[in-house]
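Visitor: Sequence below, structure please.
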Amino acid sequence: MALLTLQDACLAYGHVALLDHAAMSLEPGERLGLIGRNGTGKSSLLKILAGLERPDDGLLQLQQGLRRHYVAQEPQFAPGATVFEAVSVGVAEAKALRERYEAHAPGEDLDALQSRIEALGGWTWEQRVTETLERLQLPADRVVDELSGGLKKRVALAQALAAAPDVLLLDEPTNHLDLEAIVWLQDLLAGFAGAVILITHDRAFLDAVSTRILELDRGQLRSYPGSFSAYEATKARELEDEALANARFDKLLAQEEVWIRKGVEARRTRSVSRINRLVALREQRAARRDVVGKVRLELDTGSRSGKIVAELEGVAKSYGTRAIVRDFTATILRGDKVGLIGPNGAGKTTLLKLILGEIAPDAGTVRQGTQLQVAYFDQMRDALDLDATLADTISPGSEWVEIGSTRKHVMGYLGDFLFSPARANSPVRTLSGGERNRLLLARLFAKPANVLVLDEPTNDLDIETLELLEELLQDYAGTVFVVSHDRRFLDAVVTSTIVSEGDGRWREYEGSVEDWLAQSQRAAALAAKAAKAAPKAEAPAPAAAPVSAAAAPAPAVAPKRKLSYKEQRELDELPARIAALEDEQKALGELLNGTELYTRSPEKIAETHARFAAIDEALLALLERWEDLGSR
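Guide: Below is the predicted model:
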């Protein structure tokens, strides 16, 4: 039986219908990913399902006694509240009922109170809160106002878990969380006993968590079973079919419009039915909601910078007794696309400022390149004046925007970012979080720059805009620094990663996030195996009679054995063999994440899984052999 069911829901703001007779249901244990473009009404729908808002029309049916808990994008807490007090809000009902029971107020139905307290687990609410804090590694006595954005999000999640709801509703839960915390949240949701509905644009997170994708598209809700990867394949086919059907319909309508204009034939009595059909076709076309156009992104790379953007040698930086950067050396060249990865508070922003010469190091040297034009994308959107209009934000004091050699009217430029002319004079504060990010991108790309610094650019952006931004940055001739926890976005954009390894140590890795993770895991596996295989130190032998220096034999030193011709040839061939296996494994992974294997060749599923696992074993063996031969 469904936990909740939404039927024939309608919701409109102005003339745009966010929900147009939409319907959906949620089954026990489901983890449902809610996706759609910015401004389509995802957050409004989530609030309706949470009982915080009501639709204009339609019905929301809930299973009797259903408990829901909603975690907002930017959670709010009582000023001055400690972490324990904030998390205790999740058990507020149980806490209040127990206080009423213990007060023994005259006329109170104690039996009914006791039953409700037991149903909510209210006798042990303090223990539940304490266990949740320990599980999420949160300090009970810290004041919430003093915490970082990532820790505040953890407090909000702890509040929800302490409530032990049947349905957990999460709006952008990965915002402000670092990579480690996102993986932690994945595991947390995978083990959650209730059902989950979440809004997120983190595609890797969606793939790992969701069991079904629910898409809000032009007021309608469409359901797609499986992961986000399976949804992508199915959606692409659906859009192709829809485009073909619309083209056939438009062709028929055009033919009928030509016929009606012939005049004499159209007035004959026997043609009344055809006229009626034309009227019906016109009405159908007027009611059709076409796919909204895509964002059009263009970027002015400005003047060409020097070949070297920055050169750092033995750089160190500390604040008080805390080392942020220790002995860091790197060279950033023109055209590099660098991802900065590390937990919140590790010092990614400080390292960026050192690279760009905005702050001086305590030790070491930093040399900047020539003709650098730097543009910043700020995750906190501090650069936006909330009272300014959209047009003034993009081009203050002018009606024109110049991008390279192209000159565009500000209305047309805003239209490229899906802002209608009617909204050009609206204040920025009327925009949703995703729309503000889109406006910030529009402002950023209107300025010439050969170095882009993007601080969490993926927060609140819809998936389609993310993919277009990926394509733009891939083709961008300048240098890019990206601070992000969106693994899929980083993998698509960066050519190298600078990773925090703790205690102020930073290390640069060639390739994407997946490359860094693979290198780290293999290095850890090899180190663990080497440590296990190392012979235990032998116990010291009993002291013998002293031997004169002349009579003492020289210590035996095992000479390094030179590789044979066959071994040298094997060592030379190993990189190509490893690369071939990695390519095969990547192709198998894409096959397993798609839908074609499951629909066309289900008998090969087990065989494909077995081959994927076998490649893992083979890769580990080849890497160990490479290490062995290389050390000799």
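Visitor: Next one, pLDDT for the most centrally placed residue in the chain please.
Guide: By Cα atoms, centre = their mean, the chain has its centre lying nearest to Asp202, at 2.3 Å. Asp202 carries a pLDDT value of 87.
Visitor: when you give positions from now on, start the count at 49
Guide: Yep, numbering from 49; the last one is Asp250 now.
Visitor: Quick check: nearest residue in space to it, chain neighbours excluded?
Guide: Ranked by Cβ to Cβ, 6 or more residues apart in numbering and with sequence neighbours excluded, the top spatial neighbour of Asp250 is Thr222, at 4.8 Å. For glycine as for every other residue, the C-beta is placed from the backbone atoms N, C-alpha and C.
Visitor: Kindly report the same for Asn86.
Guide: Nearest non-adjacent residue to Asn86 (Cβ to Cβ, 6+ apart): Gly482, at 3.1 Å.
Visitor: give me every residue that touches Ala208.
Guide: By Cβ atoms under 8 Å, 6 or more residues apart in numbering, the contact set of Ala208 is 117, 119, 138, 216, 218.
Visitor: Report the backbone C-alpha coordinates of stretch 179-196 in PDB.
Guide: In PDB, the C-alpha atoms belonging to stretch 179-196 read as follows (Å, rounded to 0.1, in the frame of the first residue of the first chain):
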ATOM      1  CA  GLU A 179      22.800   8.100  19.800                       C
ATOM      2  CA  THR A 180      22.100  10.200  16.700                       C
ATOM      3  CA  LEU A 181      24.700  12.800  17.600                       C
ATOM      4  CA  GLU A 182      27.300  10.100  18.200                       C
ATOM      5  CA  ARG A 183      26.400   8.400  14.900                       C
ATOM      6  CA  LEU A 184      26.700  11.700  12.900                       C
ATOM      7  CA  GLN A 185      29.800  12.800  15.000                       C
ATOM      8  CA  LEU A 186      28.300  16.000  16.100                       C
ATOM      9  CA  PRO A 187      29.300  18.000  19.300                       C
ATOM     10  CA  ALA A 188      26.200  18.200  21.500                       C
ATOM     11  CA  ASP A 189      27.300  21.400  23.400                       C
ATOM     12  CA  ARG A 190      28.400  23.500  20.300                       C
ATOM     13  CA  VAL A 191      26.200  26.500  19.400                       C
ATOM     14  CA  VAL A 192      24.700  25.800  15.900                       C
ATOM     15  CA  ASP A 193      25.200  29.500  14.800                       C
ATOM     16  CA  GLU A 194      29.000  28.900  15.000                       C
ATOM     17  CA  LEU A 195      29.100  25.800  12.700                       C
ATOM     18  CA  SER A 196      30.000  25.700   9.100                       C
END
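Visitor: got the contact list for that stretch?
Guide: Contacts for stretch 179-196 (Cβ under 8 Å, 6+ apart): 125, 127-132, 134-135, 178, 199-200, 202-203, 205-206, 209-210, 224, 392-393.
Visitor: Can you pull the domain assignment for this protein?
Guide: If you go by the TED database, the domain ranges for the chain are 52-280, 281-335, 356-566, 613-679.
Visitor: nearest to Lys577, of those?
Guide: The minimum distance between Lys577 and the domains of the chain falls on domain 613-679, with 7.0 Å, by Cβ to Cβ.
Visitor: Pull the distance from that closest one to the chain's centre.
Guide: Averaging C-alpha positions (Cα atoms, centre = their mean, to the nearest Å) puts domain 613-679 28 Å from its chain's average.
Visitor: State the distance from Lys614 to Gly387.
Guide: 41 Å (Cβ to Cβ, to the nearest Å).
Visitor: ugh, wrong one, I meant Arg455
Guide: 34 Å.
Visitor: So for these two, which sits in the more crowded spot?
Guide: For Arg455 and Gly387, the more surrounded residue by other Cβ atoms under 10 Å is Gly387, and the numbers stand at 26 against 10.
Visitor: quick one, what contacts that one?
Guide: 530-532, 538, 541-542, 544-546, 560-561.
Visitor: now, which of these lie within helices?
Guide: 538, 541, 561 (DSSP state H).
Visitor: Kindly state the pLDDT recorded for the second one?
Guide: Yep, that's Val541 we're talking about. So Val541 comes in at 89 (pLDDT).
Visitor: That one contacts Lys385, correct?
Guide: Yes: counting by Cβ atoms under 8 Å, Val541 does reach Lys385; the two are 5.6 Å apart.
Visitor: list residues touching both of those two?
Guide: Counting by Cβ under 8 Å, 6+ apart, the residues touching both Val541 and Lys385 are 521, 528, 530.
Visitor: So which of these sits lowest on pLDDT?
Guide: Among these, Leu521 has the weakest pLDDT, 85.
Visitor: Is it in a helix, a strand, or coil?
Guide: Using DSSP: H, G, I helix; E, B strand; the rest coil, the structure places Leu521 in helix.
Visitor: Can you report how many residues neighbour Glu182?
Guide: 10.
Visitor: how much space between it and Leu237?
Guide: 19 Å.
Visitor: How about Ala142?
Guide: 23 Å.
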